[in-house]
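1. coords below, sequence missing:
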């Protein structure tokens, strides 16, 4: 049996084929970049139909290469917090609001939850611009055509491809409208959002499986009989793919954004949620607790674009000469705060610049500042459990920079810090969740020392050029 894993991220759409143990098969990867439209007003949006077209192109590419044979299961890792209004015919009424969008504000008459602490413990979230409790009224006020339903990006995409596409409890928990314990829409959160349950996607039950619509089954006959699993929030999938599935390991993932997270079984007698941390669901049996940041690999991308940095080994050598701390005072919140923070986009700061400051000094300052944010929130996570035995670094930005891995190791000391070398941790994690094998992820391959050389990605390296 093979597994088709979809990684529906913010900066790219990826489709790859894995074996029955969730290991990528050589040459079976298709990828399309997507462009987030950002603006000085804090906007961060994606084009829904364009995003769907990218995924279709990926599947066409794999099908043309004969890579979809023997696929029995389709799993998906998808970005949390996105929202898209639809009309009565299911057509988008505007762009997709991503987690990057900081424009939504509570309407003037909004008073928030009656008991904010109880709301936080119940939903794992806050009355905040990142969540649907604030986003839906804001969107309604700016949508000329009446909104029939609100969906997330992955629900829209799968709603086109599949006979039915209920929302997973994992994706629903990222909306801020889900009661984590009852695993149903929360009445107070829905009231704050001004939405009826009929205007939200139905929730997928345990063990739900979907099938392709007939038109797409004819387009990809190899997938006609494949079962589609309920999608997993990208952060939860990354934890599983990093082998961090209990209180002995915390995951620090840096892709476009960054996060520090801890996964636990729901039955583990969870400690009350700290004021500064969120909690979402991995599936019906596991939850994930953590903190996230709007800045991550996008800091590196900005610096690389604007500062004319050296390349490859030359850059790593230059970073090594900066030393462990650098001399700049940096606020890395270029994209604003993720919840519960309310700092708007455009709040990044660089202080201590002089005529001797180099582009590499600035990059090192940005990267080090993020390490320190993560260290502070990891200490909060540890306060709710016995201290994690180790930290596992993962994500594309971690794979790209040995220096950044070493800086995380130094900042998080004395904790042991390791690195998940496989770049496709989201896809691998989603597949393990779909297989019902979350505990097995503790033994997932690819985790090594932070100073070990990179393991090539066989799926990418064997791809026809």
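-> Done, it's in. Computed from a prediction, not measured in an experiment: that's the story for all the values here.
2. Just the buried residues of stretch 276-285, please?
-> For stretch 276-285, burial by neighbour count (16 or more other CB atoms under 10 Å) applies to 277, 278, 279, 280, 281, 282, 283. The C-beta positions use only the backbone N, C-alpha and C, and glycine is treated the same way.
3. Let me know the closest of those residues to residue 352.
-> residue 277 (31.0 Å; CB to CB).
4. For that closest one, list the residues it contacts.
-> 289, 290, 291, 377, 380, 381, 384 (CB atoms under 8 Å, 6 or more residues apart in numbering).
5. thought residue 174 was touching residue 83?
-> No: assessed by CB atoms under 8 Å, residue 174 is found out of contact with residue 83, at 10.0 Å.
6. Who has more neighbours out of these two?
-> residue 174 (29 against 23; other CB atoms under 10 Å).
7. Angles on the backbone of the more buried one, please.
-> phi -80, psi -10 (degrees, to the nearest 10).
8. Would you mark the buried spots in the helix or strand where residue 405 lies?
-> Take DSSP states H and E as the rule and residue 405 turns out to sit in helix 402-412. Buried residues in helix 402-412, counted by 16+ other CB under 10 Å: 402, 403, 404, 405, 406, 407, 408, 409, 411, 412.
9. so where's the stretch 1-150 of the chain uncertain?
-> Under the criterion pLDDT under 70, no range of the stretch 1-150 of the chain is flagged.
10. Okay, helices next: where are they in it?
-> Taking DSSP state H, counting those that start in this stretch as the test, the helices found in the stretch 1-150 of the chain are 48-64, 116-123, 132-141.
11. Deepest in the core, which of these is it.
-> helix 132-141 (a mean of 22; mean count of other CB atoms under 10 Å).
12. got the angle for that helix vs helix 116-123?
-> 90 degrees (axes from the mean of the first three to the mean of the last three CA atoms, to 10 degrees).
13. In contact with residue 97, which residues?
-> By CB under 8 Å, 6+ apart, the contact set of residue 97 is 44, 45, 82, 83, 84, 104, 135, 139.
14. State the distance from the fifth one to residue 159.
-> Counting by CB to CB, to the nearest Å, the gap from residue 84 to residue 159 is 10 Å.
15. Repeat that for the first one.
-> As judged by CB to CB, residue 44 and residue 159 stand 22 Å apart.
16. out of the helices of the stretch 1-150 of the chain, nearest to residue 273?
-> helix 116-123 (5.6 Å).
17. ok, the residue lying closest to residue 343 once chain neighbours are set aside - contacts?
-> Nearest residue to residue 343, sequence neighbours excluded (CB to CB, 6 or more residues apart in numbering): residue 337, at 4.1 Å. Residue 337 sits next to 294, 343, 347 when contact means CB under 8 Å, 6+ apart.
18. quick one: which of the residues you listed sit in helices?
-> Members of the contacts of residue 337 lying in helices (criterion: DSSP state H): none.
19. Which among the residues you listed count as buried?
-> For these, a neighbour count by 16+ other CB under 10 Å gives the buried set as 294, 347.
20. just curious, which of the contacts of residue 337 is nearest to residue 320?
-> Nearest to residue 320 among the contacts of residue 337, with distances taken as CB to CB, is residue 294, at 27.8 Å.
21. thought that closest one was touching residue 256?
-> No: counting by CB under 8 Å, residue 294 stays clear of residue 256, with 9.2 Å between them.
22. Which residue ranges of the stretch 351-465 of the chain form strands?
-> Applying DSSP state E, counting those that start in this stretch to the stretch 351-465 of the chain gives strands spanning 390-394, 417-420, 447-449.
23. need those in a markdown table with mean pLDDT, distance to residue 246 and mean neighbour count, can you?
-> Below are the strands of the stretch 351-465 of the chain laid out as a markdown table (pLDDT from 0 to 100; distance: least, CB to CB, whole Å; neighbours: other CB atoms under 10 Å):
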| stretch | mean pLDDT | distance to residue 246 | mean neighbour count |
| --- | --- | --- | --- |
| strand 390-394 | 94 | 12 | 24 |
| strand 417-420 | 93 | 15 | 23 |
| strand 447-449 | 72 | 14 | 15 |
